[in-house]
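Participant: Curious how this folds, go ahead:
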Amino acid sequence: MKFLENRIPLLLILLLAMVLRGGLIWQSDPAAWRTPDSLEYVELAEELPAGHFERNGQPEIFRVPGYPLFVLASDPAFLLVKLHGKPVEGIEPVLVFAWQIALDVMLVALTYLLGAFLVSRRVGLLAALLQAISPLVVASPCRILSDSLYAFLFAVAVLMMVRHLRGGGWRPLIAAAVTLSLACYVRPVGGIMVLVFLLALMFQPGRLRRGLVFAGVAVAIIGPWVVRNAVRADYYGFSSVAGDSMYYSTAAEIEARRQNIPTADMRLRFRQLNQAERQKHPDWTAGQLARRRQTQAAKIISDNSGMYAKIYLRGAVGFWLPGAGDVLELLGISQGRRGTVDVLQREGIIAAVKHYFGGNIAAIAIAVPLVLILLIKYLGVAVCVLAKVRWRMPAEAWLILLIVAVSAIAPGPGLPRYRLPIEPLFSVAAAVGLFAIVSRIRKRGK
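Facilitator: Purely as a prediction, here's the structure:
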């Protein structure tokens with residue numbers, strides 16, 4: 001393959017990616033390494049050697065086991081001692097970060113391969129460079145969160161599916177189905193992408209046979225966890241994440257507005273109501289409680305559909321934000337989890353920016369160049385879309401477009417980190433657009 005020749009530029013980019021991520025960890029504030037989600041992941045990971053995947057005495061149906069397994073495997077010493085039933089201190093986060101940085105550097109390489117395969121070697125190199133320096137991406141492996149692992153598996157699945165759509169062959173198709181299905185065990189949102197991949201296959205000859213093979217592999221891998229949830233928790237689905245997000249995020253936000261109280265206080269009240277429900281019905285299964293939360297959330301949303309639409313539209317803006325705050329928080333320059341997302345949903349982006357930065361001049365000074373990187377990237381993406389998106393596009397182009405569109409409009413709180421799985425696609429599109437701009441400037445200069 002010609003795009004694998006002369007590897008020195010790519011190796012330098014990969015080295016840059018490693019230095020940026022490792023340097024951020026080295027300089028970061030350990031207090032910023034963990035979030036409330038991190039604590040739950042670690043708790044589940046530490047219970048796995050005993051054969052448990054549960055919290056609060058009930059089978060866990062919100063989280064899936066992929067990332068806790070990754071966290072556990074990242075610290076072999078902890079696993080070995082725990083398997084012998086001996087008391088041991090918690091999992092070492094630095095080891096988790098080391099593996100996540102390795103995955104993230106490989107993700108940069110995958111970005112190069114995707115750009116080189118779709119367009120050209122130089123597009124692949126620029127795409128890899130953009131991926132290597134994007135602030136949101138640089139910060140992603142520096143916390144105990146599932147983003148890096150999911151983004152890596154998802155990128156492999158996309159690359160394999162693109163290879164299949166372009167050149168055919170069963171191996172890339174099966175590899176795409178396997179990796180995407182495994183990604184679902186890291187973040188359940190991958191289940192939506194299974195449907196997106198199936199839809200892209202409908203643009204190909206032999207669509208029925210290929211679709212059946214892809215779906216069969218996905219069902220064979222995802223199905224056992226659905227069966228586990230049904231047997232252990234009386235829950236008939238892969239994860240309760242959709243219903244719980246409706247309950248604790250959207251429905252809580254609606255009620256907070258109706259009662260004019262802080263959203264964080266309303267979310268706490270919802271958790272207390274769920275706990276009271278559990279105490280009132282001690283014989284209820286995790287599935288019954290999940291169905292109750294989903295039913296209550298659906299009623300609140302349907303009764304306040306106009307308010308829901310406003311919350312959704314404002315919250316969706318957060319998906320496109322730079323994510324520079326993650327870098328600032330890791331460096332200890334600013335603090336997260338201060339309700340900025342709630343301000344965004346209530347008052348809009350300008351109010352959210354003012355709320356986040358306040359009068360922190362140092363944070364603003366560092367954020368400006370980080371935001372500039374994203375704006376350059378978005379400029380390239382916009383030019384690429386205007387130049388390349390047409391009704392008659394190849395199936396792989398439709399696949400990428402569908403992935404981005406579905407990722408952007410998926411319901412839930414709009415957080416920049418939810419953009420991470422599609423950042424490699426943005427990097428490739430941005431590279432195409434930036435080269436188009438340079439080409440146009442050169443032609444005008446002649």
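
Participant: From here on, just use CA atoms for contacts and neighbour counts.
Facilitator: OK.

Participant: and P59, backbone torsions?
Facilitator: Backbone geometry at P59, expressed as degrees, to the nearest 10, gives phi -60, psi 140.

Participant: Show me where the chain dips below the pLDDT cut-off.
Facilitator: 1-6, 87, 334-363, 411-414, 445-446 (pLDDT under 70).

Participant: which stretches of it form strands?
Facilitator: With DSSP state E as the definition, the chain shows strands at residue ranges 54-55, 58-59.

Participant: Out of the ones you listed, the one nearest V108 is which?
Facilitator: Distances from V108 to each of these were compared by Cα to Cα, and the smallest falls on strand 54-55, at 34.7 Å.

Participant: ok, and what's touching the closest one?
Facilitator: By Cα atoms under 8 Å, 6 or more residues apart in numbering, the surrounding residues in contact with strand 54-55 are L44, E47, E60.

Participant: Distance from that strand to the middle of the chain?
Facilitator: Going by Cα atoms, centre = their mean, to the nearest Å, the spacing between the C-alpha centre of strand 54-55 and its chain's C-alpha centre is 23 Å.

Participant: By neighbour count, which of the contacts of strand 54-55 wins?
Facilitator: Neighbours were tallied for each of these (criterion: other Cα atoms under 10 Å), and the maximum of 24 neighbours falls on L44.

Participant: I441: neighbouring residues, count only.
Facilitator: Here the count is done by other Cα under 10 Å, and I441 has 11 residues near it.

Participant: coming back round to it: need the strands of the chain in JSON lines with mean neighbour count and distance to A309, can you?
Facilitator: Conversion of the strands of the chain to JSON lines gives the following (neighbours: other Cα atoms under 10 Å; distance: least, Cα to Cα, whole Å):
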{"stretch": "strand 54-55", "mean neighbour count": "15", "distance to A309": "33"}
{"stretch": "strand 58-59", "mean neighbour count": "16", "distance to A309": "34"}
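
Participant: Relative to Q100, which of those is closest?
Facilitator: So among the strands of the chain, strand 54-55 is nearest, using Cα to Cα, at 24.6 Å.

Participant: Run me through the strand neighbours of that closest one, direction for each.
Facilitator: On the basis of DSSP bridges, the sheet neighbours of strand 54-55 come out as strand 58-59 (antiparallel).

Participant: so how far is the partner strand off the chain centroid?
Facilitator: Average the C-alpha atoms of strand 58-59, do the same for its chain, and the two points are 25 Å apart (Cα atoms, centre = their mean).

Participant: What distance do you get for the residue nearest to P262 when sequence neighbours are not counted to T250?
Facilitator: The shortest distance from P262 to any non-neighbouring residue, by Cα to Cα, 6 or more residues apart in numbering, is to A256 (6.1 Å). Separation of A256 from T250 (Cα to Cα, to the nearest Å) stands at 10 Å.

Participant: Those two: which has the busier surroundings?
Facilitator: Neighbours per residue (other Cα under 10 Å) separate A256 from T250, with T250 holding more: 25 against 17.

Participant: isn't the more buried one right up against Y308?
Facilitator: Yes: because the distance of 7.4 Å satisfies Cα atoms under 8 Å, T250 is recorded as touching Y308.

Participant: list the residues that contact both of these two?
Facilitator: When contacts are counted by Cα under 8 Å, 6+ apart, T250 and Y308 have I301 as shared neighbours.

Participant: and A382, how far is that from Q288?
Facilitator: Between A382 and Q288 the distance, using Cα to Cα, works out to 46 Å.

Participant: same check, this time on Q259
Facilitator: Taking Cα to Cα, one finds Q259 at 28 Å from Q288.

Participant: between those two, which one's more packed in?
Facilitator: For Q259 against Q288, the residue with the higher neighbour count under other Cα under 10 Å is Q288, and the figures read 16 against 11.

Participant: Which single one of the contacts of strand 54-55 is nearest to G332?
Facilitator: Minimum distance to G332 across the contacts of strand 54-55 is 27.5 Å, recorded for L44 (Cα to Cα).

Participant: quick one: contacts for that closest one?
Facilitator: Applying Cα under 8 Å, 6+ apart, the residues near L44 are F53, E54, R55, P68.

Participant: Now tabulate those residues in TSV and tack on distance to Q279.
Facilitator: Below are the contacts of L44 laid out as TSV (distance: Cα to Cα, whole Å):
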residue	distance to Q279
F53	21
E54	18
R55	15
P68	28
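
Participant: how about these, which pair is most distant?
Facilitator: Across the contacts of L44, the longest distance by Cα to Cα is 12.9 Å; it joins R55 and P68.

Participant: Neighbours of P205, how many?
Facilitator: The number of residues packed around P205, counting by other Cα under 10 Å, is 11.

Participant: Please determine how far it is located from G168.
Facilitator: Summarising the geometry, the distance separating P205 from G168, computed by Cα to Cα, is 10 Å.

Participant: Next: Y308.
Facilitator: As for Y308, its distance to G168 is 43 Å (criterion: Cα to Cα).

Participant: more crowded one of the two?
Facilitator: Applying other Cα under 10 Å to Y308 and G168 shows that Y308 carries more neighbours, namely 18 against 14.

Participant: who's in contact with the nearest residue to that one once chain neighbours are set aside?
Facilitator: Across the structure, with Cα to Cα, 6+ apart as the measure, the residue nearest Y308 apart from its sequence neighbours is I301 (6.3 Å). When contacts are counted by Cα under 8 Å, 6+ apart, I301 touches T250, A251, I254, Y308.

Participant: among those residues, which two are most distant?
Facilitator: Comparing the members of the contacts of I301, the greatest separation, given Cα to Cα, is between A251 and Y308, at 8.4 Å.

Participant: mind listing the helices for the stretch 101-250 of the chain?
Facilitator: Listed in chain order, the helices found in the stretch 101-250 of the chain under DSSP state H, counting those that start in this stretch are 121-133, 135-139, 147-167, 170-184, 190-201, 207-233, 241-245.

Participant: just checking, what packs against the third one?
Facilitator: Helices and strands touching helix 147-167, as assessed by 3 or more Cα pairs under 8 Å, 6 or more residues apart in numbering; DSSP states H and E, comprise helix 93-118, helix 170-184, helix 395-409.
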